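> Sharing a model that was predicted from the sequence below.
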Amino acid sequence: KAAMQGHVPSRYNLGCYEAKKGNFHRAVRHLLISAKMGEERSLAAIKKMFMTGLTNKEQYAETLKGYQCAAEEMKSHDRDEVKALPGGEL
């Protein structure tokens with residue numbers, strides 16, 4: 001339920017659960033959605049699936065592009081300043 005309401009880590013977990021059950025099509029769908037919302041672990045999971053032949057190049061490329069767009073949207077000057085401070089991880 002949480003995954004369907006936009007909780008990104010839950011969507012990632014659901015993708016991993018589907019992959020473990022062998023439902024790779026559903027797993028990719030969930031992982032793609034969470035990667036597009038900035039979940040780096042989803043990108044890594046799709047990459048691993050691509051390297052083992054469980055997804056295709058187009059799915060991996062779409063995931064990578066979606067993740068990069070999300071990462072770009074989350075960048076800000078203020079975040080960079082905080083990260084530059086000692087112990088400044090968010």
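Received, thanks.

> Now tell me what touches stretch 40-47 from outside.
Stretch 40-47 is contacted by residues 11-12, 15-16, 19, 27-28, 31-32, 34-35, 55, 59-60, 63-64, 67 when judged by CB atoms under 8 Å, 6 or more residues apart in numbering. Every residue, glycine included, has its C-beta placed from N, CA and C.

> Please indicate which of those are buried?
11-12, 15, 19, 27-28, 31-32, 34-35, 55, 59-60, 63, 67 (16 or more other CB atoms under 10 Å).

> Just the contacts of stretch 40-47: which are in helices?
11-12, 15-16, 19, 27-28, 31-32, 34-35, 59-60, 63-64, 67 (DSSP state H).

> Poorly predicted segments of the chain, please.
Residue ranges of the chain with pLDDT under 70: 1-6, 77-80, 82, 88-90.

> Give me the most central residue, it.
For the chain, the residue nearest the mean C-alpha position is Ala35 (2.3 Å; CA atoms, centre = their mean).

> my read: that residue touches Lys65, true?
No: in this structure, Ala35 is not within contact of Lys65 by CB atoms under 8 Å, at 9.4 Å.

> List the buried residues of the helix or strand harbouring Lys48.
Under the criterion of DSSP states H and E, Lys48 resides in helix 40-51. Applying a neighbour-count criterion of 16+ other CB under 10 Å, one finds 41-43, 45-46, 49-50 buried in helix 40-51.

> Redo those residues as CSV? Include distance to Ala84.
Below are the buried residues of helix 40-51 laid out as CSV (distance: CB to CB, whole Å):
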residue, distance to Ala84
Arg41, 25
Ser42, 28
Leu43, 25
Ala45, 31
Ile46, 31
Met49, 36
Phe50, 34
